[in-house]
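Asker: Here is my input; please provide its structure:
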Amino acid sequence: MRRSWWGRGVVVAALVSLLTAGLVTPAAVATARPASGVAVAATPNRPPSRPTKVRFTTPSEAACVTGADRPLMRRSEVGLSAVLSDPEGGNVAAVVEVRQLYRPNTLVWQGGTTPQASGRSQSVMVDGLPVGSYRLRIAGRDRAGNVGPSVTCDFSVTKARLAAPTVTAVAGYPGFYPDGAYVSAPGLPGAFRLGGGGADAVEYQYSWGDITFGQSVPASDPVVFYTPQTSGPHTLMVRAVAADGATSMTTTHSFSVGNGRTRYVFDDLVSPTLPSRGGPGMTVSPTVTWVLGPLAEIGAYEEDRALRFDEPDDRAQTSEAPLKDVDSFAVTATLRAAAGAPGEASAVTLDGATGGVSLGYRACADGVGSCWSFETTGSDATLALTARKVVTGGWIHVFGLYDADDGVAEVLSCTINDVTPRPGAQTAVGTVSVEGATALVGSGVAGRWHGDVADVTFAPGRPTSGDMTRACSGIIS
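Answerer: The predicted structure follows:
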């Protein structure tokens, strides 16, 4: 059985009560007679003053009251602060006890603080309280053990009705970001609807990439808008918050944003072939066959595969555009022309309503043989050719580049024995738009492709020389 703090101060309390009632005069207690019979004046040690500025601090700010207006706490840890003073100016400690409100003889918690200077605000944390209603008493105790008058506060502890929130990506915006998704390019505005926090949720706090929770939206309109500005992972951290400050468990919603590049490697032997990161799937016609790719042929990567186009209906295509919201861009592919192929052919095409581009080979400018080509179609059609002539039966990586700032189209190439991209001609061209242009592999404006295609990449901007060298090295490493 726990003993109350107030039991220790019963004699002092009774004496104070008598003084207050006027039944005992101060003189009656201010003089003591030792055995010698000589009267010696003594100063009474008065108990600490009644605590002031008593208030709840945790889990939320609340006034100290009794009765039906008692605060509702949604945690088992309840914090309290009060200013404690001693009439003699000595140090004073807080003593606290908590009893069940409707069973006042049941003591459920007892504690306090170490002695501190008179007049200071002191804090006490009451922990481990089960669900229920309670009456708390706080008083001061001086170094002599005298306990002063107390202040009473009522409160209730209830189980928080907060659940970890849900996060749902909202469709209909340029960017759509479900949990775990990969989006090809940054800069696309998106929205997220929060919910599921429970009936007590009044708002949802959130932050991006950390747990600061520095932003919030009301539970009545819980939509978060966000535009990722960089490539890489993006993480939304969300928690529900009740009116008293109680919070739920945190929900994490993550997705990745690429640099806008869509690359098809054709290693999975299925249709539709999905890109390695981001972009639409590519449907491969059933007549197309899979063959060993350049890395498999040299023993560098056994799973490397390529598509072989040798039938009239052979093709692979997307139903959606692999490039969106771009100005400058690049189309690259690892190709091998078949022996006996026609003199002109298109391997990779972007075909839009107002034009597009095609990567393949055309008749060389000197009229001898075929050279690798990159051409634009539409109202401002143009053709760029490499000086490198097509050699059938050998793998080559071809880059078709469009620079919107300089207004030029360019074609470059590298081979298994020459991994430094060799530039071709630059050709002036007007605006080239591939917005909405779908991808087609195996055919185009120059005619049907005869040969193999190991990979295709569509990328925004102009690749750096390092990007191109790495792409060329990928043929043999």
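
Asker: do you know how far residue 158 is from residue 244?
Answerer: Using CB to CB, to the nearest Å, residue 158 is found at 10 Å from residue 244. (Each C-beta comes from the backbone N, C-alpha and C, glycine too.)

Asker: cool, and residue 101?
Answerer: When distance is defined by CB to CB, residue 101 is 18 Å away from residue 244.

Asker: before we move on, back to that, which of residue 158 and residue 244 has more neighbours?
Answerer: Remark: of residue 158 and residue 244, residue 244 carries more neighbours, 19 against 15, as counted by other CB atoms under 10 Å.

Asker: re earlier: now do the shared contacts for residue 158 and residue 244.
Answerer: Any residue near both residue 158 and residue 244 by CB atoms under 8 Å, 6 or more residues apart in numbering counts here, and that gives 72-74.

Asker: Highest neighbour count among these?
Answerer: residue 73 (26 neighbours).

Asker: Next, that residue: phi, psi?
Answerer: The phi/psi pair for residue 73 (degrees, to the nearest 10) reads phi -110, psi 130.

Asker: just the one 10 residues further on next, same as before
Answerer: Per-residue torsions, residue 83: phi -100, psi 120 (degrees, to the nearest 10).

Asker: Would you confirm that it contacts residue 51?
Answerer: Yes: between residue 83 and residue 51 there is a contact at 6.6 Å, judged by CB atoms under 8 Å.

Asker: Compare these two (neighbour count), which wins?
Answerer: Higher neighbour count among residue 83 and residue 51: residue 51, with 26 against 16, using other CB under 10 Å.

Asker: what about residue 121, neighbour count?
Answerer: 14.

Asker: Tell me how far the closest residue to it other than its chain neighbours lies from residue 120.
Answerer: Of all residues not flanking residue 121 in the chain, residue 83 sits nearest, at 5.0 Å (CB to CB, 6 or more residues apart in numbering). To residue 120, residue 83 is 7 Å away according to CB to CB.

Asker: just the strands in the stretch 51-200 of the chain please.
Answerer: For the stretch 51-200 of the chain, the strands defined by DSSP state E, counting those that start in this stretch occupy 52-58, 62-63, 72-73, 78-84, 92-100, 107-112, 120-126, 132-142, 151-157, 166-169, 182-183, 190-195.

Asker: again with the stretch 351-477 of the chain
Answerer: For the stretch 351-477 of the chain, applying DSSP E, counting those that start in this stretch gives strands covering 355-363, 370-378, 382-389, 396-403, 408-415, 418-428, 438-441, 451-460.

Asker: can you tell me which of these comes nearest to residue 210?
Answerer: Closest approach to residue 210 among those is made by strand 451-460 (28.9 Å; CB to CB).

Asker: Just the C-alpha atoms of stretch 358-370, please, in CSV.
Answerer: Provided in CSV are the C-alpha atoms of stretch 358-370 (Å, rounded to 0.1, in the frame of the first residue of the first chain):
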residue,chain,number,x,y,z
SER,A,358,14.4,8.7,-87.8
LEU,A,359,17.7,7.0,-87.1
GLY,A,360,19.1,4.5,-89.6
TYR,A,361,21.2,4.8,-92.8
ARG,A,362,20.9,6.5,-96.2
ALA,A,363,23.0,6.8,-99.3
CYS,A,364,26.3,8.5,-98.6
ALA,A,365,27.0,12.0,-99.7
ASP,A,366,29.8,10.8,-102.1
GLY,A,367,27.3,8.4,-103.7
VAL,A,368,29.3,5.3,-102.6
GLY,A,369,27.6,2.9,-100.2
SER,A,370,25.4,3.8,-97.2
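
Asker: now what about it, what contacts it?
Answerer: 331-333, 337, 343-350, 371-375, 377, 383, 385, 389-390, 398, 400, 411, 425, 444-446, 449.

Asker: hmm, back to that, any chance of JSON lines for the shared contacts of residue 158 and residue 244, columns pLDDT and distance to residue 263?
Answerer: Below are those laid out as JSON lines (pLDDT from 0 to 100; distance: CB to CB, whole Å):
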{"residue": "72", "pLDDT": "86", "distance to residue 263": "57"}
{"residue": "73", "pLDDT": "87", "distance to residue 263": "55"}
{"residue": "74", "pLDDT": "77", "distance to residue 263": "50"}
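
Asker: what's the closest of those residues to residue 296?
Answerer: Relative to residue 296, the closest of the shared contacts of residue 158 and residue 244 is residue 74; by CB to CB it sits at 61.4 Å.

Asker: Return the residues in contact with the closest one.
Answerer: Applying CB under 8 Å, 6+ apart to residue 74 gives the contacts 59, 157-160, 162, 200, 242, 244, 246.
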